[in-house]
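1. Predicted model and sequence follow; I will ask about them next.
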Amino acid sequence: MSDVKSYDNVELTLLNQNLVNICDEMAVSMMRTAYSPIFSEGLDFSTFILDANGDLVATAGLNPAMLGASLYAASWVIAEVGAANFNEGDIWIYNDPYRGGSHMPEHMMILPIYVDGSIAAYVGNIAHMAEIGGMAAGSFSATATDIYQEGLRLPPIKLFDRGEPVKDIWRIILANHRTPANSWGDLHAMLGSLYIGERRSRQLIEERGVERIRISFSQLQDFAERHIREEIRALPDGVYCAEDCFDDDGVGSGRYYIRLTMTIDGDRVVFDFTDSDSQAAGAINAPYVVTLSGALNGLLYSIGRRLPVNAGITRAVRVVAKAGTICNVQHPGACVGGQTEYQPKLIEMISSTILAQIGAERAAAGSGNTSLNFLFGGVHPVSKEYFAHYHFEGNGWGGRSATDGNSAQIMPHANCRNTPVEIFETRYPWLHHQYAMNGGTGGIGKYRGGLGVKRDIEVVGDMISVSVLADRGDVPPSGILGGGDGSHTEVLIKRAGNSDFSRFTVSEGAKSATKFVNVRLNRGDTVRLVSPSGGGYGDALQRDPEAVKEDVLDRFITMDQASEDYGVVLTEELDVDQASTEKARRSRS
Amino acid sequence: MTWVASTKTWNDTSVDNCDICGNLIINRYWSFTDDDGIVMRACRQDDEELAAWLKDQRKQPGYASFTSIRR
């Protein structure tokens, strides 16, 4: 029994913040030193600290989509490799989705921190590499039917051995990426982040003593477990069911269903995905860790209270996802789309469909919930160098019990940022003709769905190869409690000299309107990306007429929609005609 | 019921999954025989209890009852 003093709750809170700050500093370092916009602009990465067992102690609140990998995957890697096989100065890297990776573009690095010859902690990060090879530039191969078409797969391997780079591994990685200079820079941004995390963690350990830190890590995990169990206990016991579906899997196999039965049983939750469809032929499948991530994120969003996020929260949760289903892909199934298209659906099944069964005041209508992944590559007309980029688009979120849905935002589980127009046009041969809110498309309701966006971009180079992996092209975000549905995703093409846009299925022979790869565009061709708008919450006739007026002034809806959808009559001066509005609403209620 | 070592040679890059929850099996698994006499491989010892609980739950009315709005 140790005689080292344990921490009280105040000290634990301060320590937790200290650890999170270290993770934040690691993240800022990565953002500022990366080569690719997906890091520096998109912030598509996470940073974390693990205890000596490999269990999560703290993470930066950056990308919740990576929560599952942060909570589970690093500990799996450490268990598989064996702590005895780590050495001081080692850095391990991996991206294998069958052994804890979320999808192959996301690479995890882990560095052990040794104190007095023993591992006291690990620091790690996960980041989405913009290009890792595979069948499509940008490595989001929407029509892949096996993992080998999605890029270079790395089981846990050493990138550094006792402080020295393992050059053969570096050569293999760089030789398999289309933009090796970017990969070199981004991998070094990850390394720099690790070294900062190591330095700061070492300072903390030296200040407080390794034994006290060890005990406090364990206390922090217990603290988080206690809190999440309290929150779960406050939810009504019961069995709740939800389902959602994909439009298609990109290779023409029809809809795929995710089915969840969630049981709240005292202070624990069991998420059972047994009834979901078998794994798809295309790339929409999810590795087990993505299902874990989605279940935990859905639960945390439903609780709505900020809890310390560490391994303690996993003790109150069990996730059952049969191997070989869309929720737990098996080799050699393709799965790059699971992280961006499946996980948000799963979160929404919990935080919307199931929460509406528990208590409407916490629920939200359906959100756009597609990343609308837009990938492109080619040879730059000025630099003559090969480029590749991965862009995701903001969309409309669902209305909630007290507010409209957010507009033009990346999905909540990703928490990322899109590619600014300036980056699009200075680094790649594109010219914007339009980037606007998609007015008139938010689901109607007491609280309106947020708006998606519409972006028109013209090729100003000789050739660009484009690929898209998106969803919600067929099934729009749902309204709830009387609210209207939102709008669809659309990806359209207008070839140079044509006057009209058409779907890629029509003009390019794609099997899916939202999932295709390697369409070659030439100078003067224009792509239109239209992201979905969110569903509405509640009866549109109960919407505050002044809010309807503001929507008209903002061009979020038209005068006709104000009248037809909301029963609000506006004067020529765009003021609310109270008497006519009351009459119109009475006649329709 | 017992823990069983799950050893793989260095050149075997495959993974095994838990028969109960689908999780990865790393280095060892909990082996038990269920009520139907089937030998199961579990990632955790308490998955034996989870398996029995799930079997019971799936018989309850309302469990896995999906009302689709999207068909």
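-> On my side now, so go ahead.
2. okay, which residue is most central for the chain?
-> All of this is about chain A. By Cα atoms, centre = their mean, chain A has its centre lying nearest to residue A:414, at 2.9 Å.
3. The intended chain is chain B.
-> residue B:20 (1.3 Å).
4. sorry, back to before: hmm, residue A:64 and the residue nearest to the centre of chain A touching each other?
-> Yes. With contact defined as Cβ atoms under 8 Å, residue A:414 reaches residue A:64; the gap is 7.5 Å. In this view, the C-beta of every residue, glycine as well, is placed from N, C-alpha and C.
5. coming back round to it: need the nearest residue in space to the residue nearest to the centre of chain B, chain neighbours excluded.
-> residue B:47 (4.1 Å; Cβ to Cβ, 6 or more residues apart in numbering or on different chains).
6. what residues are up against that neighbour?
-> By Cβ atoms under 8 Å, 6 or more residues apart in numbering or on different chains, the residues touching residue B:47 are B:18, B:20-21, B:30, B:40.
7. Quick check on it: phi, psi?
-> phi -70, psi -20 (degrees, to the nearest 10).
8. same question, the one 5 residues further on
-> When quoted as degrees, to the nearest 10, the phi and psi of residue B:52 stand at phi -70, psi -40.
9. Also residue A:565?
-> Dihedral angles for residue A:565 - degrees, to the nearest 10 - are phi -90, psi -30.
10. that older thread, pLDDT score for the residue nearest to the centre of chain A?
-> Here the pLDDT value assigned to residue A:414 is 78.
11. Helix, strand, or coil at it?
-> coil (DSSP: H, G, I helix; E, B strand; the rest coil).
12. nearest residue to it other than its sequence neighbours?
-> residue A:65 (5.1 Å).
13. residue contacts, the one you found?
-> Counting by Cβ under 8 Å, 6+ apart, residue A:65 has contacts A:102, A:293, A:297, A:339-340, A:343, A:413-415.
14. and after whichever strand or helix holds residue A:192, which helix or strand comes next?
-> Assigned by DSSP states H and E, residue A:192 falls within helix A:180-208. Helices and strands here follow DSSP H and E; after helix A:180-208, the next one along the chain is helix A:210-233.
15. which regions of the chain sit below the pLDDT cut-off?
-> You didn't pick a chain, so chain A it is. A:1-4, A:304 (pLDDT under 70).
16. Switch to chain B, please.
-> Using pLDDT under 70, chain B drops low at B:68-71.
17. about what we covered before: assign a three-state SS to the residue nearest to residue A:414, would you?
-> Going by three-state DSSP: residue A:65 is helix.
18. rewinding a little: check the offset of the helix holding residue A:192 from the chain's centre.
-> 23 Å (Cα atoms, centre = their mean, to the nearest Å).
19. who does that helix touch, helix- and strand-wise?
-> Helix A:180-208 sits against helix A:9-33, strand A:45-51, strand A:106-115, strand A:118-128, helix A:167-175, helix A:210-233, with contacts defined as 3 or more Cβ pairs under 8 Å, 6 or more residues apart in numbering or on different chains; DSSP states H and E.
20. who touches the fifth one?
-> Residues outside helix A:167-175 that contact it (Cβ under 8 Å, 6+ apart): A:93, A:152, A:154, A:157-159, A:180, A:183-184, A:187.
21. Which one of the contacts of residue B:47 is nearest to residue A:436?
-> residue B:21 (45.8 Å; Cβ to Cβ).
22. What is the burial count for the closest one?
-> 26 (other Cβ atoms under 10 Å in any protein chain shown).
23. go on, the one 5 residues further on?
-> When counting by other Cβ under 10 Å, one arrives at 19 neighbours for residue B:26.
24. That one and residue A:77 touch, don't they?
-> No. Using Cβ under 8 Å, residue B:26 makes no contact with residue A:77, being 9.2 Å away.
25. Smallest gap between chain B and chain A, at which residue?
-> Residue of chain B nearest chain A, by Cβ to the nearest Cβ: residue B:17 (3.9 Å).
26. Just give the nearest non-adjacent residue to that residue, would you?
-> residue A:323 (3.9 Å).
27. And for residue A:20?
-> Residue A:20 sits nearest to residue A:58 (Cβ to Cβ, 6+ apart), 5.1 Å away.
28. Check residue B:48 too.
-> residue B:32 (4.9 Å).
29. Can you report how many residues lie near the residue of chain A found nearest chain B?
-> As assessed by Cβ to the nearest Cβ, chain B sits closest to residue A:323 within chain A, at 3.9 Å. Neighbours of residue A:323 under the rule other Cβ under 10 Å: 20.
30. List the residues that contact residue A:181.
-> With Cβ under 8 Å, 6+ apart, residue A:181 has these contacts: A:35, A:385.
31. From residue A:388, how far off is it?
-> Noted for residue A:181: a distance of 11 Å to residue A:388, by Cβ to Cβ, to the nearest Å.
32. Spell out which residues are contacts of both of the two.
-> With Cβ under 8 Å, 6+ apart, residue A:181 and residue A:388 have no common neighbours.
33. Show the buried residues in the contacts of helix A:167-175.
-> Among the contacts of helix A:167-175, those classed as buried by 16 or more other Cβ atoms under 10 Å in any protein chain shown are A:93, A:152, A:154, A:158-159, A:180, A:183, A:187.
34. Looking at these, which two lie furthest apart in space?
-> A:158 and A:180 (19.6 Å).
35. Contact residues of the stretch 401-550 of chain A facing chain B?
-> Neighbours of chain B within the stretch 401-550 of chain A, by Cβ under 8 Å from any Cβ of the partner chain: A:475, A:478.
36. Could you check the angle the helix holding residue A:192 makes with helix A:167-175?
-> Orientation note: helix A:180-208 sits at an angle of 130 degrees relative to helix A:167-175 (axes from the mean of the first three to the mean of the last three Cα atoms, to 10 degrees).
37. Spell out the secondary structure type for residue B:49.
-> Applying three-state DSSP: residue B:49 is helix.
38. what's around it, how many residues?
-> With other Cβ under 10 Å as criterion, residue B:49 counts 11.
39. I figured residue A:71 was touching residue A:297, is that so?
-> No. Using Cβ under 8 Å, residue A:71 is not in contact with residue A:297; the gap is 10.7 Å.
40. partners of the helix or strand hosting residue B:3, with directions?
-> Using DSSP H and E, the element containing residue B:3 is strand B:2-5. When pairing is defined by DSSP bridges, strand B:2-5 lines up against strand B:28-33 (antiparallel).
41. For the partner strand, buried residues please.
-> B:29-32.
42. Name all residues that make contact with residue A:468.
-> By Cβ under 8 Å, 6+ apart, the contact list for residue A:468 reads A:142, A:372-375, A:491, A:504, A:514-516.
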